[in-house]
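J.: no letters, just coordinates:
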Ligand code: 5GP
């Protein structure tokens, strides 16, 4: 199934890019929940954490490392890393993505 993020990866739909390499793309969320809200997506089409395999171990680590690099490069001292998995958890786009959210005081627990 083609998602909006596949269209962003192919360039069919534009995005506000903050980082790109051969494994992933990071861009600003279109509906930011905080002053900084970045999405990091793998170029590999993985629907969610439900579909990950042993072979994805290095890729998943790569996404987290890039999340830290991006958060730091944007000047964040604190941030939240979120991966919604499944509809009830709030996943709306079924292409794996990591949210990096920061720039304001964040409440816990999330709703
Ligand atoms: P989810 O709810 O699946 O965890 O997160 C999907 C995120 O993608 C949401 O925060 C939503 O605002 C963002 N989003 C949906 N469509 C687009 C789009 O076309 N461009 C960008 N930049 N973000 C999008």
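T.: Good, I have the coordinates. All figures in this text were calculated on a predicted structure; none of them were measured in a lab.
J.: same for the lengthiest strand in the chain, what does it pack against?
T.: Taking DSSP state E as the criterion, the chain has its longest strand at strand 36-42. Under the contact criterion of 3 or more Cβ pairs under 8 Å, 6 or more residues apart in numbering; DSSP states H and E, strand 36-42 touches helix 4-10, strand 24-28, helix 57-73, strand 98-102. Any C-beta I mention is one placed from the backbone N, CA and C, and that applies to glycine too.
J.: mind doing that once more with 10 Å?
T.: Contact here means 3 or more Cβ pairs under 10 Å, 6 or more residues apart in numbering; DSSP states H and E; on that basis strand 36-42 packs against helix 4-10, strand 17-20, strand 24-28, helix 57-73, strand 80-82, strand 98-102.
J.: okay, the ones you listed in JSON lines with mean neighbour count, mean pLDDT and distance to the ligand next?
T.: Below are these laid out as JSON lines (neighbours: other Cβ atoms under 10 Å; pLDDT from 0 to 100; distance: least, Cβ to the nearest ligand atom, whole Å):
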{"stretch": "helix 4-10", "mean neighbour count": "16", "mean pLDDT": "98", "distance to the ligand": "5"}
{"stretch": "strand 17-20", "mean neighbour count": "14", "mean pLDDT": "98", "distance to the ligand": "10"}
{"stretch": "strand 24-28", "mean neighbour count": "19", "mean pLDDT": "98", "distance to the ligand": "5"}
{"stretch": "helix 57-73", "mean neighbour count": "15", "mean pLDDT": "98", "distance to the ligand": "14"}
{"stretch": "strand 80-82", "mean neighbour count": "16", "mean pLDDT": "98", "distance to the ligand": "7"}
{"stretch": "strand 98-102", "mean neighbour count": "21", "mean pLDDT": "98", "distance to the ligand": "6"}
